[in-house]
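Colleague: predicted structure and sequence below. I'll ask about it afterward.
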Amino acid sequence: MPYTVDFKNVSTVGLESSPVAEALAGLRANEARYYKNKYGHDFTVTPAEEAPETLEYVNNILAAERNLVISSRPLEVSSFEVDGLRMAYVFYESGLSINVMYSIEEGGKRAVGFKLSDGMEVPEELASSFKFARQKSKLAGTIRGSYFVVKGQY
């Protein structure tokens, strides 16, 4: 069942099995606040098993672009369009969040972003290929992030 993320009252709903559930909930709320403030969009997530097409879309891009397979169990996904961008998110049990930003117009911005919840280690599959920058968030503590530019057509 879809869940609209509340960034004023942060909840671990859907993320309880994560060892960093509180930090992951803060990270998810941080994303919700960004989309609400910038675009007026309500950030809604769905259990990963209820939206396999979103998970498949993200997995396909990771595999095709960087030969990456994420070992952690996906908990939730989100997929929406806003301001000419097709967005897809996957929140993993480990505390990892992956988003795909894909401009609908040819030549626009297209990238995959990785965010690590406060308290989690860098996943082995990302450690050797990506450097993570830190940013502070009132909702999520310290977020570490990285990204790569998408070159293919998806």
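Modeller: Right, received. Where do you want to start? Numbering: from 1, shown residues only.
Colleague: partner strands of the lowest-mean-pLDDT helix or strand in the chain, with direction?
Modeller: Counting by mean pLDDT, DSSP states H and E, the weakest-scoring helix or strand in the chain turns out to be strand 133-137, with a mean of 90. Using DSSP bridges, the strands paired with strand 133-137 are strand 141-149 (antiparallel).
Colleague: what residues of the partner strand count as buried?
Modeller: Buried residues in strand 141-149, counted by 16 or more other CB atoms under 10 Å: 141, 143-148. Where you see a C-beta, it was placed from the backbone N, CA and C, and this is true even at glycine.
Colleague: got a list of contacts for it?
Modeller: For strand 141-149, the surrounding residues in contact (CB atoms under 8 Å, 6 or more residues apart in numbering) are 23, 26-27, 30, 65-66, 110-119, 122, 126, 130-137.
Colleague: kindly recompute the last result at 7 Å.
Modeller: Strand 141-149 has contacts (CB atoms under 7 Å, 6 or more residues apart in numbering) with 23, 26-27, 30, 65-66, 110-116, 118, 130-137.
Colleague: report the lowest-confidence entry in the buried residues of strand 141-149.
Modeller: The member of those with the lowest pLDDT is Gly141, at 84.
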